[in-house]
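S.K.: pasting the structure only:
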């Protein structure tokens with residue numbers, strides 16, 4: 001996560017900063033989505049069995065026999081209930097001190113981490129988009145766009161702002177020039 005406290009000289013500067021962060025996040029989401037797609041396609045070419053149930057979760061409608069899928073999904077639901085531990089984690093993950101390790105080697109654990117990361121980035125992008133929209137509404141309501149302030153970005157909450165007096169005093173417009181006159 002980036003810095004939590006953000007100083008801004010105007011609401012427009014803050015809005016531009018939020019827009020840039022949204023663009024960066026969306027670029028990261030696109031790159032990671034392409035990477036996940038490549039990993040899944042590579043797994044299909046290698047006939048990896050560990051990706052078969054992950055593929056079914058991603059595209060349950062593409063299966064040939066829906067009735068057999070319904071049976072499989074019912075069986076999976078019962079086995080998932082058995083596999084879950086007290087904390088709601090799957091059996092594939094092991095807690096070791098302050099680490100959470102995947103029990104196995106292969107692309108399935110890697111893909112689960114990518115999906116988790118994508119989900120978090122998408123929620124952060126939605127939260128920043130809501131913040132940007134709220135800033136637009138705030139400016140439409142008539143607040144001065146030149147107000148400076150400080151903002152605090154929470155992980156799972158609203159963006160908090162406090163307006164401050166501008167550090168730089170605005171100077172009145174003045175025009176200074178040097179006049180040179182040639183001598184004869």
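M.R.: Received, thanks. None of the values given here were measured: they were computed from a predicted structure.

S.K.: in this structure, what helix or strand scores lowest on average pLDDT?
M.R.: helix 66-83 (a mean of 44; mean pLDDT, DSSP states H and E).

S.K.: surely residue 131 touches residue 159?
M.R.: Yes - at 4.5 Å, residue 131 counts as touching residue 159 under the criterion of Cβ atoms under 8 Å. No exception for glycine: its C-beta is placed from N, CA and C like everyone else's.

S.K.: look at the nearest residue to residue 164 once chain neighbours are set aside and say how many residues are nearby.
M.R.: Closest residue in space to residue 164, ignoring its immediate chain neighbours: residue 149 at 5.1 Å, by Cβ to Cβ, 6 or more residues apart in numbering. Per other Cβ atoms under 10 Å, the neighbour tally for residue 149 reads 17.

S.K.: which stretches of the protein form strands?
M.R.: 5-8, 93-96, 99-102, 148-152, 160-164 (DSSP state E).

S.K.: save the ones you listed as TSV, and put in mean pLDDT and distance to residue 119 too.
M.R.: Output for the strands of the chain, formatted as TSV (pLDDT from 0 to 100; distance: least, Cβ to Cβ, whole Å):
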stretch	mean pLDDT	distance to residue 119
strand 5-8	88	24
strand 93-96	85	16
strand 99-102	84	16
strand 148-152	89	24
strand 160-164	88	24
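
S.K.: that older thread, quick one: contacts for the residue nearest to residue 164?
M.R.: With contact set as Cβ atoms under 8 Å, 6 or more residues apart in numbering, residue 149 has these partners: 7-8, 11, 14, 161-164.

S.K.: ok, residue 163 next?
M.R.: The contact partners of residue 163, by Cβ under 8 Å, 6+ apart, come to 147-149.

S.K.: at 10 Å instead, please
M.R.: 8, 11, 143-144, 147-150 (Cβ atoms under 10 Å, 6 or more residues apart in numbering).
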